[in-house]
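S.K.: I would like the atomic coordinates for the input below:
(chains A and B)
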Amino acid sequence: MAAVDMTGVRKKDANVSDLVFKYMRPEHLPHIWCPGCGNGIIMRDVAQAIENLKIDRNNLVVVSGIGCSSRAAGYFDCSTIHTTHGRAIAFATGIKVARPELEVIVITGDGDASAIGGNHLIHAARRNIGLTVIVMNNSIYGMTGGQYSPTTPTGDYGTTAPYGNIDRPFDVALLAAGAGATYAAHATVYHVPQAIKLIQDGIAHKGFSIIEVADVCPTYYGRKNKKGSAVDMMRNQKENFVTAAQAHRTCRSRKPGKRP
Amino acid sequence: MGKTVLMQGNEACVEGAIAAGMRFYAGYPITPSTEIAEASAVRLPQVSGKFIQMEDEIASIACAIGASTTGVKAMTATSGPGFSLKQENLGYACLAEIPLVVVDVQRSGPSTGLPTSPSQGDVMMARWGTHGDHPMIALSPSSVKETYELAVRCFNLSEKYRTPVIFLMDEIVGHLREGIEIPESVEVINRPEPEAYHAKDLAYHIAEGELVPKMAPFGKGERYNITGLLHDASGFPTNNNQIAGELVTRLMKKIEANYEDIVQVEEAHLEDAEVAIYCFGGTARAAATAMEEARKKGIKCGMFRPITIWPFAERELLPVTRKVKRIVVAEHNYGQMVHEVRRVAGDHCEVKFVGKVDGTVITPQEILQKIEEA
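M.R.: Residues are numbered from 1 along each chain as shown, chains lettered A, B, ... in the order given. As a prediction, the model looks like this:
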């Protein structure tokens, strides 16, 4: 793999967001994600939300588990802890209970949060503990190479669902809301301003908050399911996602394929 | 002089832990360790500490590790099935060098086993339960008084070496009630912290001649990374094989090089002994009686009791194996530590074993019988 020299980035390239220098660790960039992956967009959304809220990095802890999503923690310039698969919310609970004055954000994925870590997710929601959980939901296990996850739509393909997924998917945000989360939101990687606002409100919320961000994984989910390029997948989000209010209005006659 | 109180082993564990500075407990109910959670729930709020009952055993250890990253002394307690579940994160704490005390009040296994019956069947799991090469410290008490003292020591060792310490209790001691004198004060060791904050030292930087990093607690302004991946001195993942090898080697050396400080044993009547009983934890109580009975019968019997279970007390055991004719290993399992004793004894003395897997305790008579067997 050709290493990209980031030393130039430190000299403040006009094309690089100020957020990189303020909230990231440029020496650990570029990130490991594939071209077209939405994780970087979500990471930027989180950084922008932190900037908007003027959170002191010295009082911020970013916790992650295992998977593509969980590499995000290390790129933030604050206290960061990359934990074990599924357990990020349990580690984060310990940090928050021990030091309630710290702002604690968990960055996780669909498999990490709702499969192996599903128990911790619902119990943290039930406790209404002051964590903000950002779920990078790419509908697949990316790090291990494209196995179906609890959010893979029924009928879709993965390397372990060669004949189509027979399971029904979780709606992770609704799952958390059902378990008692006092703030639960859906966002997408395409709708950036909305995602930033939702993440910002989630962090500011006193109590448990979860923002499930519909992510794009062109490398595995997209390729396995013939969803086209990263741009095609983003366009799909643009055309098929509606606001919760719109969804509410049409809930009795919900158009197939439209997602709130 | 401290006050004398009647106390259960599990309660003494909590009192010792609090005396050592424990201010965070995360746990899940499991027999026969539940009283540790119950006593922690009562006592921690009284000392401005925190108690949380988590949704499962895995969450409990994860939560305790999380708390410890902020500089708070944390503990979790469990028994066999729960100890199995905690193994992955135990390894995480070893590698990430997060101080933590994990109590295992052993019960009869395997699987759900005999939940209310005593056992010492987790000795090898304590050493090798988590995957990969890792160091481990485990201590095992034989009385309520010693449970208090060793709980303090577990925290001190954990803090000093920034490593998880296993407090390997058993149902016999956990549920035993004895009068103990609570000391007015105990020696307390706190984890190494940076000499100066914002000194730009890397979090996992190891000073010349030292083996333990001086990491700051989260929230003190040192913005560093912790990971379960093999990492460099900055705390970030590395695929550099040399750095990876050096890290795992240092973790092992951290404990090996401090053997003298960590390993404690108790020896009784070994001066003239021809037979020695090797025992630990609750079983040592029956062994002590067996030794006395043997002496009454004119058998020169002594006792070797490791208080530190891991690292294995081979430096202390070696001269014993060269002196006595026979060692009787009494442990409450099908034979686990006996293999370690045989490794050290070699051909120098006979090693006999007395164990049990039916949930009943090993009696002094059963040990005596092995001592008397020609």
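
S.K.: nearest to chain A: which residue in chain B?
M.R.: B:Gly66 (2.7 Å; C-beta to the nearest C-beta). Every C-beta, even on glycine, is put in place using the N, C-alpha and C of the backbone.

S.K.: nearest residue to that residue other than its sequence neighbours?
M.R.: A:Gly94 (2.7 Å; C-beta to C-beta, 6 or more residues apart in numbering or on different chains).

S.K.: quick one: contacts for the one you found?
M.R.: B:24, B:26, B:52, B:62-69, B:74 (C-beta atoms under 8 Å, 6 or more residues apart in numbering or on different chains).

S.K.: reformat these as a markdown table; add neighbour count.
M.R.: Putting the contacts of A:Gly94 into a markdown table (neighbours: other C-beta atoms under 10 Å in any protein chain shown) gives the following:
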| residue | neighbour count |
| --- | --- |
| B:Phe24 | 25 |
| B:Ala26 | 29 |
| B:Ile52 | 22 |
| B:Ala62 | 33 |
| B:Cys63 | 34 |
| B:Ala64 | 33 |
| B:Ile65 | 31 |
| B:Gly66 | 34 |
| B:Ala67 | 31 |
| B:Ser68 | 29 |
| B:Thr69 | 26 |
| B:Ala74 | 32 |
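
S.K.: farthest-separated two in the residues you listed?
M.R.: B:Ile52 and B:Thr69 (15.4 Å; C-beta to C-beta).

S.K.: B:Pro81 is in contact with B:Ser111, correct?
M.R.: Yes: B:Ser111 sits in contact with B:Pro81 when judged by C-beta atoms under 8 Å, with a separation of 7.2 Å.

S.K.: where does chain B dip in pLDDT?
M.R.: B:1, B:374 (pLDDT under 70).

S.K.: got the residues of it near chain A?
M.R.: B:24, B:26, B:50, B:52, B:54-56, B:58-60, B:62-70, B:72, B:74, B:88-89, B:92, B:218-229, B:236-237 (C-beta under 8 Å from any C-beta of the partner chain).

S.K.: just the ones in strands from the residues you listed, please.
M.R.: B:24, B:26, B:50, B:52, B:74, B:225-227 (DSSP state E).

S.K.: tell me the one of these nearest A:Ala184?
M.R.: Using C-beta to C-beta, those come closest to A:Ala184 at B:Ile52, 22.7 Å.

S.K.: what lines up beside whatever helix or strand B:Thr116 lives in in the sheet?
M.R.: According to DSSP states H and E, B:Thr116 maps onto strand B:114-118. According to DSSP bridges, strand B:114-118 forms sheet pairs with strand B:100-108 (antiparallel).

S.K.: give me the three-state assignment for A:Gly222.
M.R.: helix (DSSP: H, G, I helix; E, B strand; the rest coil).

S.K.: name the SS class of the closest residue to chain B within chain A, please.
M.R.: Taking C-beta to the nearest C-beta, chain B has its nearest neighbour within chain A at A:Gly94, 2.7 Å off. Assigned with three-state DSSP, A:Gly94 falls in the helix class.

S.K.: do a quick rundown of the strands in chain A.
M.R.: Assigned strands in chain A, in chain order: A:60-64, A:79-82, A:103-109, A:131-137, A:140-141, A:147-148, A:183-188, A:209-214 (criterion: DSSP E).

S.K.: low-scoring stretches of chain A, by residue?
M.R.: Looking at chain A by pLDDT under 70, you get A:1-14, A:247-260.

S.K.: please repeat the previous calculation with a cut-off of 80.
M.R.: A:1-15, A:245-260 (pLDDT under 80).

S.K.: hang on, A:Asn165 packs against A:Thr159?
M.R.: No: under the criterion of C-beta under 8 Å, A:Asn165 is not in contact with A:Thr159, lying 11.3 Å apart.

S.K.: between those two, which is the more surrounded one?
M.R.: Ranked by neighbour count (other C-beta atoms under 10 Å in any protein chain shown), A:Asn165 and A:Thr159 place A:Asn165 first, with 19 against 14.

S.K.: and the stretch 51-200 of chain A, which residues reach chain B?
M.R.: Going by C-beta under 8 Å from any C-beta, the residues of the stretch 51-200 of chain A near chain B are A:57-59, A:61, A:63, A:73-74, A:77-84, A:87, A:90-95, A:97-99, A:101-102, A:119-120, A:123.

S.K.: residue closest to the middle of the chain?
M.R.: Just going to use chain A. Residue closest to the mean C-alpha point of chain A, counted by C-alpha atoms, centre = their mean, is A:Met136 at 2.3 Å.

S.K.: my question was about chain B, not that one.
M.R.: So for chain B, C-alpha atoms, centre = their mean, it's B:Ala138, sitting 2.4 Å from the centre.

S.K.: pretty sure it belongs to a strand, no?
M.R.: Yes: counting by three-state DSSP, B:Ala138 is found in a strand.

S.K.: next, give phi and psi for B:Glu35.
M.R.: Torsion angles at B:Glu35 (phi, psi; degrees, to the nearest 10) stand at phi -60, psi -20.

S.K.: looks like it contacts B:Ala12 (just checking).
M.R.: No: using C-beta under 8 Å, B:Glu35 is not in contact with B:Ala12, being 10.2 Å away.

S.K.: the more surrounded of those two?
M.R.: B:Ala12 (31 against 19).

S.K.: okay, strands next: where are they in the stretch 201-350 of chain B?
M.R.: Applying DSSP state E, counting those that start in this stretch to the stretch 201-350 of chain B gives strands spanning B:225-227, B:265-268, B:275-278, B:301-306, B:308-310, B:326-330, B:350-354.

S.K.: in its sheet, what does the third one sit against?
M.R.: It stands for strand B:275-278. strand B:301-306 (parallel), strand B:326-330 (parallel).

S.K.: export the ones you listed to a markdown table and append columns for distance to A:Asp110 and mean neighbour count.
M.R.: Converted to a markdown table, the strands paired with strand B:275-278 look like this (distance: least, C-beta to C-beta, whole Å; neighbours: other C-beta atoms under 10 Å in any protein chain shown):
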| stretch | distance to A:Asp110 | mean neighbour count |
| --- | --- | --- |
| strand B:301-306 | 48 | 25 |
| strand B:326-330 | 51 | 26 |
